[in-house]
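Asks: everything below, folded, please.
(chains A, B and C)
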Amino acid sequence: MINTPHKLAVTIDLMIENFHLQANFQAQDEIIAIFGPSGAGKSTILRAIAGLVTPQQGIIRLGEQTLFNAQQKINLPPQKRNLGYVPQNYALFPHLSVAENIAYGVPRHPRHANRQRTRELLELMQLTAFANRRPDELSGGQQQRVALARALAPQPAILLMDEPLAALEDSLRQKLRAELRAIPQRFHVPVLLVTHSLSEANSLASQLVILDQGQMCQAGPKDEIMQRPITPAAARIVGMSNILPIHAVRENFLQWGEYRLTVSPAPQQEQAHAALVVGIRPEAIRLLNADPARTNSFPVQLLDDEDFGHEHRLTVRIPQQQPDLEIRIPAPELTRLGLRPGDKGYIQIDPASIHIFP
Amino acid sequence: MLSLGAIDMIRRKQKSLSAITQRLEVSLSRRAKISSSVARYWLVFVLLFLWAPMLVACQTASERQELTIAAAASLNTTFSEIGDAFTKESGIPVTFSFAATGTLSEQIRNGAPFDIFAAADTAHITNLFVEGYIIPESRAVFAHGLVSLVIAPDSGLQLKSLNDLKNIAVERFTIANPKIAPYGAAAQTIVENAGLWTQIEEHLVFGESVRQSLQYIDSGEIPAGIIPNSLLLDSPLIIIPIDSALYDPVEHGIGIIADSHHTAEAEQFLNFLFSPQGQAILANHGLIPVADP
Amino acid sequence: MTLPLLLSLRVAALSALIAAIFGIALAFLLANKQGVLWHLLDGLIHLPMVLPPTVLGYYLLIALSQRSPLGAWLSNLGIHLTFTWQGAVVAASVVALPLVTQSARAAIESIPADLLHVASTLGRAPFAIFLTITLPLAWRGVLAGVVMAFARALGEFGATLMIAGNIPGRTQTLPIAIYDAVQAGEAARANQLSLLLTGAAIVLLVSIRLLTNRIASRPQRS
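Replies: Numbering: from 1, shown residues only, chains lettered A, B, ... in the order given. Predicted structure coming up:
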């Protein structure tokens, strides 16, 4: 464990051409992921923290150090920010060998220390055999390890990684996810990474910052955000794709069109007004062959089946009810149920999994 | 071309240079691994330019004691011969810069490092003297010059005299630019006095100096023109004398430049120019000497 | 015949060196700076490419003649730039400068920005990055520009004639010697010198082509 990861506090307001980016979050954890669809401005936040773009307004602090403060006119240049940066394509220096790439950020004096540190990192990253190769002679995974080693060499206070797995083949990704997860403990450095893949954000990070169209939606612990997004927009981004309008609330019953949903625990007093919206994750809805005769079970018709191999995404319709619901179900379970588009079945929703937006 | 000795010297220098850079590269790469790749790129640049200062060293020999004479273009062949004769007698090498009198006089005003100015008139010499660029007592007239009508033999022009131009049309006719070349001005006077100006004006091509006008005719580019006699020694062109009533002979003035570091040698050259030997060479080249040889 | 050649080589080499130093520095600044003043400087550097050499030579003559304050000041320091071979170097440098700047700038701007960004987060100052990343990666383009500058300086005539004149052995470069030989009707000499210069130009152009071809054929990294 890292004793005390540096607290990162970011408040920025930035205009690039017609793109307006606003973010405000604090994070103090081993791996933090900035997550959002492409074009949301994720990389730009990373670059602003690194000092490669300058926001118009805001404050960026890392631990005790102020990296940027627009009002106080503090703007440390990138070379003074003490952070490691790994861009999406790794940006290895093509004219330098692997060892020279890694040594680039290590102070050159004293020389034995420079060589010592370089050797150390080559070994840690299992790159010793490639020390004298040029970057274009390496595989994608090796290139990523060189980029990591190079960024870690100056012992930065935080490691910034832009889409660390996007440039890699699927087969490599899984292995490298494990390697990435191990970085904070192996190298005693927190990681702030950017990804557009929900599964990547889920598997790597413990804290998330959700970004959409330049606006920050939510930031906080991963489970909190996955289960309790604060807006429907944030909910859609984190995969809570069933958003239902509620017409009336009475105790722990929600009136949803013709149907009644039971929710537990019961909504707070201040939530109990007419125009309520709830969200349900697609994997929280169970699909059944027969009516289980339990709370929140409804008859449905299967409309669409999208096969992802290991799981399926189904679209189902409750008679005379809108909107249609989305269900994610493991492939073996669907096989066991034997349901196909057009078939009729039942769904059951766990009252605890119904999220009421604040 | 480079002499073998010089090539050998350059080779030896290059050898020792590459040895030095090799050692440099080795020591650099030993010092720190990071430097080696970058250092290699830099060595290319350094090597590329190491020979430039070497060339400077090679060349300093050419800036030895010598006379540099600015001379009117019409004096090209004449002064080349006088220069050779002078060097033979005195041992002082002479370099000439030939151009139109007006061009040279402007260069002198801008600090050109000449020792002597031999012009094709006296007006430019006088102006320079008034402005302080010429040593006053050195001013003199050393010859007078005449011009001729010159025709390219293969042009097919059937001219017997200048006046025939009234009846025979020429496509193009060249004189030196009257603004900067005194012989050009003289040629203009002749054409005007002969009453041919309106007829010829639109066919005129100005040479930058009389040398260029002659070159135009020599190459057959322009069929005819007015050229100083001093450039026509041994010329294969058809040469037709011009009535001396039409113009005053051109006065060749000379003077020593005030900034010259070689005034003694310059005086020596002037003495040679006015000596019987010098005046005889002038006469040989079709100029009218001031002193009877 | 040796003298004009040696003089031309000397002038061209020194001009290329001066143009390289200033050209690379300017390319670095122009690639990194924004603003009206930099655009103005950019235009100024490229003026010699569009102005007739006579105008350039005239400006230089006005600026450097001993009648100008700058010329008088330099003259006091013992530096004479009119009608000396050093003057020819000035003229050729000014003419060659935009060739280096343009080529170097194109090469510098083609370097992926990420490389420079990463280098800066690794704690290196901008100038150190320029020396260790930018130039080594742009060296073919820079070198092609310098060779082009050398070739241009070797062939420089108009501005050189105006500022340095035509003094054999001192300021008579190869192109001016050719001009002089033609004017004096010395066809044989003019032919020899012209062939010499043409040969040199062909060698230089081929080497530029080789350099730039290698740039184009270098594999692109994604």
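
Asks: just checking, next helix/strand downstream of the worst-scoring helix or strand of chain A on mean pLDDT?
Replies: Ranked by mean pLDDT, DSSP states H and E, the helix or strand of chain A with the weakest confidence is strand A:248-250, at a mean of 75. For strand A:248-250, the following helix or strand on the C-terminal side (DSSP states H and E) is strand A:253-256.

Asks: so what's the gap between that next one and the chain middle?
Replies: Distance of strand A:253-256 from the chain centroid (C-alpha atoms, centre = their mean, to the nearest Å) equals 32 Å.

Asks: what strands line up against that strand, and which way round?
Replies: Strand A:253-256 has its sheet partners listed here by DSSP bridges as strand A:248-250 (antiparallel), strand A:259-262 (antiparallel).

Asks: neighbouring contacts of that strand?
Replies: Strand A:253-256 is contacted from outside by A:244-249, A:260-263, A:267, A:276, A:278, A:321, A:354, using C-beta atoms under 8 Å, 6 or more residues apart in numbering or on different chains. All C-beta atoms are positioned from the backbone trio N, CA, C, and that covers glycine.

Asks: change it to 7 Å
Replies: Under the criterion C-beta atoms under 7 Å, 6 or more residues apart in numbering or on different chains, residues A:244, A:246-248, A:260-263, A:278 lie in contact with strand A:253-256.

Asks: need the CA coordinates for that strand. PDB is fine.
Replies: Output in PDB follows, covering the C-alpha atoms of strand A:253-256 (Å, rounded to 0.1, in the frame of the first residue of the first chain):
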ATOM      1  CA  PHE A 253     -44.300   2.000  -4.000                       C
ATOM      2  CA  LEU A 254     -43.500   3.800  -7.200                       C
ATOM      3  CA  GLN A 255     -46.200   4.200  -9.900                       C
ATOM      4  CA  TRP A 256     -44.700   3.400 -13.300                       C
END
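
Asks: if we can go back for a sec, most neighbours per residue, which of the strands paired with strand A:253-256?
Replies: Ranked by mean neighbour count under mean count of other C-beta atoms under 10 Å in any protein chain shown, the strands paired with strand A:253-256 are led by strand A:259-262, which reaches a mean of 16.

Asks: that one: how far from the chain's middle?
Replies: That offset, for strand A:259-262, works out to 32 Å (C-alpha atoms, centre = their mean).

Asks: what's the average pLDDT for it?
Replies: For strand A:259-262, the mean per-residue pLDDT is 84.

Asks: name the residues that touch it?
Replies: Here strand A:259-262 makes contact (C-beta under 7 Å, 6+ apart) with A:252-254, A:295-296, A:298, A:318, A:321, A:351, A:354.

Asks: how about the helices of chain C, start to end?
Replies: C:2-32, C:36-50, C:53-64, C:69-76, C:85-109, C:113-121, C:126-129, C:135-155, C:158-164, C:174-183, C:187-217 (DSSP state H).

Asks: quick one, what contacts B:Ile175?
Replies: The contact partners of B:Ile175, taken as C-beta under 7 Å, 6+ apart, are B:184, B:187-188, B:204, B:206, B:213, B:225-226.

Asks: out of these, list just those in strands.
Replies: B:204, B:206, B:225-226 (DSSP state E).

Asks: what's across from the closest residue to A:Asn24 other than its chain neighbours in the sheet?
Replies: Using C-beta to C-beta, 6 or more residues apart in numbering or on different chains and skipping the chain neighbours, the partner closest in space to A:Asn24 is A:Thr11 (4.7 Å). In this entry, A:Thr11 is beta-bridged to A:Asn24, A:Ile59, by DSSP bridges.

Asks: where does the prediction get shaky in chain A?
Replies: A:1-5, A:269-275 (pLDDT under 70).

Asks: for the residue nearest the centre of it, helix, strand, or coil?
Replies: Per C-alpha atoms, centre = their mean, the C-alpha nearest to the average position across chain A is that of A:Ala201, at 3.1 Å. At A:Ala201 the chain is in helix, as set by DSSP: H, G, I helix; E, B strand; the rest coil.

Asks: next SSE downstream of the helix or strand in which B:Phe142 is found?
Replies: B:Phe142 belongs to strand B:140-145 when assigned by DSSP H and E. Later in the chain than strand B:140-145, the nearest helix or strand by DSSP H and E is strand B:147-151.

Asks: I'd like the average pLDDT over that next one.
Replies: For strand B:147-151, mean pLDDT is 94.

Asks: same check on stretch C:2-22?
Replies: Averaging pLDDT along stretch C:2-22 yields 88.

Asks: C-alpha coordinates for it, CSV please?
Replies: Only the C-alpha atoms of stretch C:2-22 are listed here, as CSV (Å, rounded to 0.1, in the frame of the first residue of the first chain):
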residue,chain,number,x,y,z
THR,C,2,41.1,28.0,-58.9
LEU,C,3,40.7,31.4,-57.1
PRO,C,4,37.0,32.0,-57.9
LEU,C,5,36.2,28.4,-57.1
LEU,C,6,38.0,28.5,-53.7
LEU,C,7,36.5,31.9,-52.9
SER,C,8,33.0,30.6,-53.9
LEU,C,9,33.4,27.5,-51.7
ARG,C,10,34.6,29.6,-48.8
VAL,C,11,31.7,32.1,-49.2
ALA,C,12,29.2,29.3,-49.7
ALA,C,13,30.4,27.2,-46.7
LEU,C,14,30.5,30.2,-44.3
SER,C,15,27.1,31.4,-45.6
ALA,C,16,25.6,28.0,-45.2
LEU,C,17,27.0,27.8,-41.7
ILE,C,18,25.6,31.2,-40.7
ALA,C,19,22.3,30.5,-42.4
ALA,C,20,22.2,27.1,-40.6
ILE,C,21,22.8,28.7,-37.1
PHE,C,22,20.3,31.5,-37.6
